[in-house]
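Asker: no sequence for this one, just the structure:
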């Protein structure tokens, strides 16, 4: 092809009427007509020696010079007949199509297509096969899988050691890593100030110089130690920017090992402790805190000196939520050493921090009874995540608690005859305990629901008869959630009085049921009778329930779009002054078996939680029995912002397949039709052989 292009000669055909008529340009009309008659007698096809093609050209030339329309077409389009068919071509330089340069053109084509292009493609292919789809080096992925498979339980210190062995920090595999001669001076100095850097490790590659340097810089970052040289700050920033990607690859490696374990390809999988320590390491690196630091150090302008006043016996503030629950005047008094601007910064950051509410729903998709879990069934846990600002959530929670306490006091006063002054004293005692942790579960509030709960019933649905949990409100977080689940374990006199009051109310609840509860029970009974009367049988009501259940399936998104891998990676900015770049809030969601310390579903990374998002966790139901699993929502950036929701369900025996069902009966007519169908496609050779 290159040779043809180089040696091609373009034949240019141009219509020149004066040359065809053998006249000089500028001839008059009489001369043109005279010459036309002369040439017609010579080239007319009816005459001896005439030429039809030549005669047509002569006719067109005479018309182009004498007829006004033909002359206009010739002047515009170069053809007396008007515009011809539009042709497209490639504009090539003159030197490229000249015959003298054909050898050079061939050489240029050979250089481009036989040397440069294959070399560029080969270099691109060599680089691409060294990385995974997440832009992590294949050698790093192999290293992570090896050490996570080698030991099922790893602490944060060991995981940090594995992280520093990543090949992304090795200058032999990453050209962006710069090795400086001054490292031999400043890195040993930094290591002596830290005192916790393990330099002489026999395991490869943790004893390599790049791994030791990376480990020293990360430990200094976690302890918030000033670096001895300015260029080390640049190296640390580069390492920290790579850490979120590498930690996500650690989670993916653990998930892959979990899949191999459940498919019986390996005999050991990473425990839930290892996975949670990886996630905690991510939080530590983003906030610049070690594993023993308080989560309160995430607040700006709070240092170790101020933090001493948080842990006194009078206050004992251990979390940001408890800090926000503290009364405003006492909180300002606690931070009296801060200026008004600094205090406003503290409150602004705390109020904007996240609180995640998780609503959990368990279903078996594509099954007749979606709320019955059978052994071997693919079970889907739909988790709806709702993000609140922590300040607004605490304010609403405190308001609800005050209303509950007032309602409890009214009920106690009505049933036990407690005076108003005694109720106020009890209220003051309970108010003083608000800043010390999670609130106690109110038994009386559960016995006397409010109007909204009776009208909607969406706050907390009871377990079904088969043991599955339809919805679980996941507001439990840290120690507060444990206290709420256990109902509190205080031995104080106030708690004993409250429990005694609860028991007294329980004894009298059957006789003195509130009017709202009685009315709702009577209405429900009446509605049930009306339904049976209208439908003629109880089965019609079941059909309505089935239709409603079918409509409810719309809440469970079974499409592939529910997978958040391809969604936006923008949610809310993270307050992380020690991280070198802007960070967005990302959340891991996973299902765990806390009792056996195992992952049940692979962690999903939600990167687009602005206000509300839904994710699906799928797992295969095990042997029949009752299971208590935990849905965990864990931040990748904030410490002590996790949400835990308990999920209790029952797995039953799988239904046996009824082989006597009519659907398994194959009639003779169907068999004959199948035989006839096979005969239609029989080949001629088969018929000849028969």
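Answerer: Perfect, I can see it now. Everything numeric here is computed off the predicted structure, so don't read it as measured data.
Asker: C-alpha only now, for contacts and for neighbours.
Answerer: Will do.
Asker: OK, contacts around residue 638?
Answerer: Contact analysis of residue 638 by Cα atoms under 8 Å, 6 or more residues apart in numbering lists 283, 286, 287, 298.
Asker: got JSON lines for these, with distance to residue 599 and pLDDT too?
Answerer: Shown next, in JSON lines, are the contacts of residue 638 (distance: Cα to Cα, whole Å; pLDDT from 0 to 100):
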{"residue": "283", "distance to residue 599": "20", "pLDDT": "95"}
{"residue": "286", "distance to residue 599": "25", "pLDDT": "95"}
{"residue": "287", "distance to residue 599": "26", "pLDDT": "95"}
{"residue": "298", "distance to residue 599": "29", "pLDDT": "93"}
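Asker: Tell me where the chain is predicted with low confidence.
Answerer: 1-14, 75, 78-92, 96-99, 366-368, 416-567, 657-658, 661, 663-690 (pLDDT under 70).
Asker: Go through the contacts of residue 638 and say which is closest to residue 316.
Answerer: Relative to residue 316, the closest of these is residue 298; by Cα to Cα it sits at 17.3 Å.
Asker: what about the closest residue to that closest one other than its chain neighbours, how many residues close to it?
Answerer: Of all residues not flanking residue 298 in the chain, residue 287 sits nearest, at 6.6 Å (Cα to Cα, 6 or more residues apart in numbering). By other Cα atoms under 10 Å, 25 other residues sit near residue 287.
Asker: now residue 195
Answerer: 10.
Asker: check contacts around it.
Answerer: Here residue 195 is in contact with no residues (criterion: Cα under 8 Å, 6+ apart).
Asker: what are the phi and psi angles of it?
Answerer: phi 80, psi 0 (degrees, to the nearest 10).
Asker: repeat for the one 3 residues further on
Answerer: Backbone dihedrals for residue 198, given as degrees, to the nearest 10, come out at phi -90, psi 100.
Asker: Rebuild the contacts of residue 638 as CSV, extending it with distance to residue 71.
Answerer: As requested, the contacts of residue 638 are exported to CSV (distance: Cα to Cα, whole Å):
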residue, distance to residue 71
283, 85
286, 82
287, 85
298, 88
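Asker: Mind jotting down where the helices sit in the stretch 151-300 of the chain?
Answerer: 156-164, 183-194, 209-222, 230-262, 272-287 (DSSP state H, counting those that start in this stretch).
Asker: Tabulate those helices in JSON lines, adding columns for distance to residue 109.
Answerer: Shown next, in JSON lines, are these (distance: least, Cα to Cα, whole Å):
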{"stretch": "helix 156-164", "distance to residue 109": "48"}
{"stretch": "helix 183-194", "distance to residue 109": "49"}
{"stretch": "helix 209-222", "distance to residue 109": "45"}
{"stretch": "helix 230-262", "distance to residue 109": "42"}
{"stretch": "helix 272-287", "distance to residue 109": "53"}
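Asker: who wins for proximity to residue 375 among these?
Answerer: helix 230-262 (15.0 Å).
Asker: for the contacts of residue 638, which one is nearest residue 49?
Answerer: residue 286 (98.2 Å).
Asker: That closest one against residue 637, yeah?
Answerer: Yes. Between residue 286 and residue 637 there is a contact at 5.6 Å, judged by Cα atoms under 8 Å.
Asker: Looking at the two, which one has more neighbours?
Answerer: Just comparing residue 286 and residue 637: by other Cα under 10 Å the higher neighbour count belongs to residue 286, 28 against 25.
Asker: Provide a list of residues in contact with residue 200.
Answerer: So residue 200 contacts residue 207 (Cα under 8 Å, 6+ apart).
Asker: What separation is there between it and residue 125?
Answerer: Applying Cα to Cα, to the nearest Å, the value for residue 200 to residue 125 is 37 Å.
Asker: now do residue 411
Answerer: Taking Cα to Cα, one finds residue 411 at 75 Å from residue 125.
Asker: the more surrounded of those two?
Answerer: Neighbour tally, residue 411 and residue 125, criterion other Cα under 10 Å: the higher count belongs to residue 411, 19 against 11.
Asker: And that one, which helix or strand is it part of?
Answerer: For residue 411, the element it lies in under DSSP states H and E is helix 390-416.
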